[in-house]
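K.L.:
Using only what follows, build the 3D model:
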Amino acid sequence: MAKDRGRKHQKGRKENTREERIILPNRALLNFSFKYLDQTQPATAPETLDLWLRNRLLDRFCNRLIELSKLTRDEAFNQQQIKLYGDFPPANKTCFFHPKHVEEHVAWSVIEGIGGLPRVAGFIAENTFYVVFLDSQHQFWLSTLKHT
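P.N.:
This next block holds a predicted model:
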């Protein structure tokens, strides 16, 4: 004899007990690359990752990258977390020179907020910040002191 597969014995579906997934909009968050890092500049006192580690700047820089990686490129610029310079600084305004391994026309920028003078110079392409220089003495773009 065949089983009765009619609907009269079908059990009702229980209430939905799964938690709904909250889907966030896809945001192009900032990425960071050390592909073009130049640890030979400035020529008088080259800044290296090892130097930043010894001077306790590297941990602050890493924490800064963690904060920035939660933002999009536009958010970082609008909140002034990253300062856009555009062109490389003129020779009389910097202690650095344009590295040969970096294209001539890139959007030069700096990451500030590492604590006082230190900053990191590099360039932005799409949503990636390419770290090029470590600058603990604010020598990438020299400026005149104001209100001193």
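K.L.:
can you pull the buried residues of stretch 58-78?
P.N.:
Neighbour-count burial for stretch 58-78 flags 58, 60, 61, 64, 65, 68, 71, 73, 76 (criterion: 16 or more other CB atoms under 10 Å). Where you see a C-beta, it was placed from the backbone N, CA and C, and this is true even at glycine.
K.L.:
do the same with stretch 129-147
P.N.:
Quick answer for stretch 129-147 (16+ other CB under 10 Å): 129, 130, 131, 132, 133, 134, 135, 136, 139, 140, 141.
K.L.:
Hmm, residue 81 is touching residue 68, no?
P.N.:
Yes. With contact defined as CB atoms under 8 Å, residue 81 reaches residue 68; the gap is 6.0 Å.
K.L.:
list residues touching both of these two?
P.N.:
Residues touching both residue 81 and residue 68 (CB atoms under 8 Å, 6 or more residues apart in numbering) are residue 111.
K.L.:
just checking, what packs against the top helix by length along the chain?
P.N.:
Ranked by residue count under DSSP state H, the longest helix found in the chain is helix 58-68. Other helices and strands packing on helix 58-68, by 3 or more CB pairs under 8 Å, 6 or more residues apart in numbering; DSSP states H and E, are helix 49-54, strand 107-111.
K.L.:
Can you say which of those is packed in most?
P.N.:
With neighbours defined as mean count of other CB atoms under 10 Å, the helices and strands packed on helix 58-68 peak in mean count at strand 107-111, which reaches a mean of 20.
K.L.:
Alright, I will stop here.
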